[in-house]
Structure formats: structure tokens, C-alpha cells
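Trainee: Fold the stuff below for me.
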Amino acid sequence: ELVESGGGLVQAGDSLRLSCAASGRAFNTWALGWFRQAPGQERKFVAGIGWSGNNVTYYADSLKGRFTISRDNAKNTVYLQMSAMKPEDTAVYYCAANQWSPAGSYYAAVGYAFWGQGTQVTVSS
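Mentor: Residues are numbered from 1 along each chain as shown. Predicted structure coming up:
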């Protein structure tokens, strides 16, 4: 099970950190991703991080430099640090997981078998 937290209402320019806590064993073997979905839009890739033996990170091109994904295996938690936030960052943010690596690509939602329920992030102008 994946449970996101940390969403809320912020102002443009603010920072926010989302957390996603995972239950179960062998968290260090899971590849993890963050996606977001705005109203009326499809779910889009935000960031991904490999399992602990391959800790490579991936980002949507438009978000590089503002968003940072990280993991804490001791806490079974993946984080998404967001900075210099913009109104267009408003969305429901989901974390996702798949063991070892996503099926196909980190950038495609279909590659992840497990999903959290999402947390709302709203950025006011």
C-alpha cells in the first residue's frame, strides 16, 4: 500500500514536500514514481527513481530544476520536493511503485503496478 501526504494549498513561489509511505517488505527493491493529474487532463509523469541498487532519477523535462525526488529506505518513504511552485502545478499528485523497474518506461503510468490514492496540491497565484 502507498499513502501520499503533504499536499495542500500554497502560494506561487512557495515550496512543498510530498511524502509517500509504503507498506510491505523489500522497499529498497521498488522503483518509484510521482505522477500528477489536473482536472480534465490525463495523468502525467513528474519524476521517478530507481530501486536502491540503481538510484537513478528521472524528471519531466519541464520540471527539471524545480522538483526533486528522493527516497529513504529506512522509512519506506519516497519524497517529492517542489520549489518555486506555479499555479500550473495544481493537480492531484500520485505516487506509484513497481518492483525493480517500471514495465517499459519510468515515464509511462502503465508501467507501475501499485498506486497511492493521491494528494491534492493547489497553487494560488
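
Trainee: out of everything not next to it in sequence, what's closest to the residue nearest the centre of the chain?
Mentor: Central residue of the chain (Cα atoms, centre = their mean): residue 34, 2.1 Å from the mean position. Distance criterion Cβ to Cβ, 6 or more residues apart in numbering; nearest residue to residue 34, sequence neighbours excluded, is residue 46 at 4.2 Å. Glycine gets a C-beta too; all of them are placed from N, C-alpha and C.

Trainee: that older thread, now do the residue nearest to the centre of the chain against residue 116, distance only.
Mentor: Distance, residue 34 to residue 116, by Cβ to Cβ, to the nearest Å: 10 Å.

Trainee: And for residue 22?
Mentor: Distance of residue 22 to residue 116, computed by Cβ to Cβ: 9 Å.

Trainee: quick one: common contacting residues for those two?
Mentor: In terms of Cβ atoms under 8 Å, 6 or more residues apart in numbering, residue 22 and residue 116 are both contacted by the residues 1, 2, 3.

Trainee: these two touch, right, the first one and residue 27?
Mentor: No: taking Cβ atoms under 8 Å as the contact criterion, residue 1 and residue 27 are not neighbours in contact, 11.8 Å apart.

Trainee: Neighbour count: the two, which is higher?
Mentor: residue 27 (21 against 11; other Cβ atoms under 10 Å).

Trainee: so that one makes contact with residue 76?
Mentor: Yes: counting by Cβ under 8 Å, residue 76 is a contact partner of residue 27 at 4.4 Å.

Trainee: Perfect, that will be all.
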